[in-house]
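1. test case, fold it:
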Amino acid sequence: MPTPAKSHGCTWHWLSRQDLPEIAGLIAAEEHFGDATHHHDLPALEAAVARETVRETETGVVLRKPSGTLIAYAWIRLPDDGEAPNRLRLHGGCHPAWRDEGVQDTLVRWQVERGLEWHLDHTDGSVPLELSMLASGSNLFLAETLASCGFRPQKWYHALRRSLSERLPYGSEALAGVEFEQFGPHWSEPVRLLYNSTVGHPDDTLEPEAWAWGLAGAGIRDDWSWVAVADGTTVGWVLNAETSLGGEPAGWTEYLGARRDWRNRSLYRALLARSHDSFTASGLVTAGIGIETDSDQGARPYLELGYSSVDSMVWYVNHPGLDTIGAAKTDEQ
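-> The predicted model follows:
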């Protein structure tokens, strides 16, 4: 299908890797305007797009003013081999100065239509399409746009921070016999398998390529990340990266989990304590973490550990039907 019909006095182009530096600048403007906590830099964008030939699949677009300045972008993350073929993730945004011009609405409606078209071309259509987009809880404009396009909130990601001035205790005596090993390439596969055993739905499991893509995109630091081992078996993990909180570098916990029979035994606390010690040893004074829950009140256990809420991110989901393409074309006329 073609690029979006509405051009808003500008020109659409297919997205390419050459656009990424400008997209990174636009995202920085969006995040500054919305006071976002979790930032996305150029290396993360390059890791995200490197895995796909966006131009060849025609699943990404950018909008440029007549002067050539990039003001909006969108792309659809296609599933890897082994991932659910009916689940597509949407990324996109526009410069805050263009929010009142209807550009964001045009982007989202094009992504819905293009996503459904790709789904019908590459699957037998027996499983309904699921489109999802992650948005900052502070981005009320995007929330309203997504709602108007048929998206509904399904999960919440709570962004929390904690001062490292007070050391977090390691936990109770139930952790006797647990050893903590620094994460590295040799631990990647055991942790992936353990992660897959803990997810709630088979479609959420990750194949090696998707797992590696996620670690690279998050910028995981092995020297800050830890694996919990008991009786020679991997029972928990915490994978950390660096972010910026309040304009200062901070340690960020990206992945935290444990084997089901090791939950509620202070293992999470011990893994976080080990992480905080790593952050402190590198001269950091703040730790942050993102928690996924099915409600906007799911961060309470971490608040009890001394974290404070900074931001929330919401996972919006849409299951468009076959009538979506016809409706979109009607809107464009």
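
2. can you pull out the low-pLDDT segments for the stretch 151-300 of the chain?
-> Judged by pLDDT under 70, the stretch 151-300 of the chain has its weakly predicted residues at 171-174.

3. could you rerun that using 80?
-> Under the criterion pLDDT under 80, the flagged ranges of the stretch 151-300 of the chain are 170-174, 200-203, 296-297.

4. how about the helices in the stretch 151-300 of the chain?
-> Remark: helices assigned in the stretch 151-300 of the chain by DSSP state H, counting those that start in this stretch are 185-198, 208-218, 267-281, 300-303.

5. residue 25 is nearest to which of these?
-> Nearest to residue 25, of all the helices of the stretch 151-300 of the chain, is helix 208-218, at 18.6 Å by CB to CB. C-beta coordinates here come from the backbone N, C-alpha and C atoms, glycine included.

6. looking at the helices of the stretch 151-300 of the chain, spot the one closest to residue 137.
-> Distances from residue 137 to each of the helices of the stretch 151-300 of the chain were compared by CB to CB, and the smallest falls on helix 300-303, at 16.1 Å.

7. export the closest one as CSV, just CAs?
-> The C-alpha atoms that make up helix 300-303 are tabulated as CSV, following Å, rounded to 0.1, in the frame of the first residue of the first chain:
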residue,chain,number,x,y,z
ARG,A,300,3.2,-1.1,45.7
PRO,A,301,5.7,-3.9,46.6
TYR,A,302,8.6,-1.7,45.2
LEU,A,303,7.3,1.4,47.0
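
8. and the helix or strand that comes right after it, what does it pack against?
-> Using DSSP states H and E, the helix or strand that follows helix 300-303 towards the C-terminus is strand 308-318. Counting contacts by 3 or more CB pairs under 8 Å, 6 or more residues apart in numbering; DSSP states H and E, the secondary-structure elements packed against strand 308-318 are strand 130-136, helix 140-148, strand 152-163.

9. can you do 10 Å?
-> strand 87-94, helix 103-122, strand 130-136, helix 140-148, strand 152-163, strand 286-293, helix 300-303 (3 or more CB pairs under 10 Å, 6 or more residues apart in numbering; DSSP states H and E).

10. list the pairing partners of it within its sheet, with orientation.
-> Listed by DSSP bridges, the sheet partners of strand 308-318 and their directions read strand 130-136 (antiparallel), strand 152-163 (antiparallel).

11. pick the most deeply packed of the ones you listed.
-> When neighbours are counted by mean count of other CB atoms under 10 Å, the highest per-stretch mean among the strands paired with strand 308-318 falls to strand 130-136, a mean of 20.

12. now the angle between helix 103-122 and that strand, please.
-> Taking axes from the mean of the first three to the mean of the last three CA atoms, to 10 degrees, one finds strand 130-136 and helix 103-122 inclined to each other by 150 degrees.
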